[in-house]
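Visitor: sequence unknown, structure follows:
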């Protein structure tokens, strides 16, 4: 029955692949390696632990007869790998894991004459040595310690760390374009209103790691041209039965506030947060003293992880956000060639709402075969409202999008080669309304 279920699951996925364009991007990676003695003989039964550098998230297993080990579905981040074996000195090294990577580790354990530990103290690598994709990994500690990066409506967490990333026309551009893709907890979030939205895809304070890819993408990424952002959300492993309150205040009547609660056990972890923000300097136009430029917003986020069996993991992320932006104007426009420009009466505003939910089931059939299924839902709205005194024309726009779909993949390692097949498909219902009222 077990073999029959494996065959049926693989057949089902390949049938779906035949009907749907392939995609299987993810925040997860596999980690494998070998442990041997000074004579290069494999060490069987060595205990290998892969622990997150800044949380209690950990994976462990023992090496097989050939001294090898493999961890599947490890979220991107910085980890400490520790290897211990009887009659041998323990060894430890720091490892940076990026999305969709497959690092291979090599541990040569020395014979222990006394209690001793070998530690590799080199700084973790920021790139994938076996990939041509330029990648930047930003941690929540870097976000918290970089001025302005933790602000809700700021993308400084990207522009401060990513070459070729900058804000233009209140939109993020990477390498000259804004055709960007977001993955949250490994699930690609569709959004055809991307050119209409100003608000962020996720609050920076809810991010554990942000994996940024910019060019030379794998085929699994899809059709995004300029930038792909893999978000590893906070999950509760960073603290046990704890909470945090963040309150800030600054110039332009600015405040960014968040309260979060989280905890974990050996098999279950949860994280819950609520946030609010406002500022009198929102869209930051290129004028010395903008008017009508306030913004405010609020939202909530949750992440749940449950391991019902050693071979199964269930993950759920949900978020809802509401943002409002005043559209700024310049009351004293420049006098180009002595022309007369009347004082603007612009009082427009933009209301944005965004909600998403993604559920993921990860199943390890065996150490070399992994199945991932992720149904998801996304709602997006961008509502542009004109001011009551707009003249000679008052223009309005209301764009809404509903997306429901499935992301799935099967990964198999055969003879040290990775074979991966997947699908990404969604149904979309979109409603676009544009209006204009003319007055004398």
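Guide: Yep, that arrived. This one's a predicted model, so the numbers in the text were calculated from it and none came from an experiment. Residues are numbered from 1 along each chain as shown.
Visitor: Please count neighbours and contacts with C-alpha atoms only from this point.
Guide: Noted.
Visitor: hey, where'd the strands end up in the stretch 201-350 of the chain?
Guide: If you assign secondary structure with DSSP state E, counting those that start in this stretch, the strands in the stretch 201-350 of the chain sit at 207-213, 227-233, 242-246, 255-264, 268-279, 295-309, 312-326, 349-366.
Visitor: what would the ones you listed look like in CSV with distance to residue 200, mean neighbour count and mean pLDDT?
Guide: As requested, the strands of the stretch 201-350 of the chain are arranged in CSV below (distance: least, C-alpha to C-alpha, whole Å; neighbours: other C-alpha atoms under 10 Å; pLDDT from 0 to 100):
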stretch, distance to residue 200, mean neighbour count, mean pLDDT
strand 207-213, 12, 23, 90
strand 227-233, 12, 25, 89
strand 242-246, 19, 12, 93
strand 255-264, 14, 20, 95
strand 268-279, 13, 21, 95
strand 295-309, 11, 19, 94
strand 312-326, 9, 21, 94
strand 349-366, 9, 20, 93
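Visitor: Including distance to residue 92, could those go into JSON lines?
Guide: Conversion of those to JSON lines gives the following (distance: least, C-alpha to C-alpha, whole Å):
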{"stretch": "strand 207-213", "distance to residue 92": "22"}
{"stretch": "strand 227-233", "distance to residue 92": "24"}
{"stretch": "strand 242-246", "distance to residue 92": "29"}
{"stretch": "strand 255-264", "distance to residue 92": "25"}
{"stretch": "strand 268-279", "distance to residue 92": "26"}
{"stretch": "strand 295-309", "distance to residue 92": "26"}
{"stretch": "strand 312-326", "distance to residue 92": "27"}
{"stretch": "strand 349-366", "distance to residue 92": "26"}
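Visitor: Quick one: closest of the ones you listed to residue 168.
Guide: Ranking the strands of the stretch 201-350 of the chain by their distance to residue 168 (criterion: C-alpha to C-alpha) puts strand 227-233 first, at 15.0 Å.
Visitor: Give the pairing partners of the closest one; include direction for each.
Guide: Strand 227-233 has the following strand partners under DSSP bridges: strand 180-184 (parallel), strand 207-213 (antiparallel).
Visitor: could you dump the ones you listed to a markdown table with distance to residue 376?
Guide: Formatted as a markdown table, the entries for these read as follows, by distance: least, C-alpha to C-alpha, whole Å:
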| stretch | distance to residue 376 |
| --- | --- |
| strand 180-184 | 11 |
| strand 207-213 | 19 |
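Visitor: Show the pLDDT at residue 161.
Guide: Here the pLDDT value assigned to residue 161 is 89.
Visitor: quick one: it and residue 212, what's the gap?
Guide: In this structure, residue 161 lies at 9 Å from residue 212, with C-alpha to C-alpha, to the nearest Å as the measure.
Visitor: what do those two both touch?
Guide: Overlap of the contact sets of residue 161 and residue 212 (by C-alpha atoms under 8 Å, 6 or more residues apart in numbering) consists of residue 136.
Visitor: Okay, the nearest residue to residue 320 once chain neighbours are set aside and residue 403: tell me how far apart.
Guide: Here the nearest residue to residue 320 in space, its sequence neighbours aside, is residue 355; by C-alpha to C-alpha, 6 or more residues apart in numbering that works out to 4.2 Å. The spacing between residue 355 and residue 403, counted by C-alpha to C-alpha, is 11 Å.
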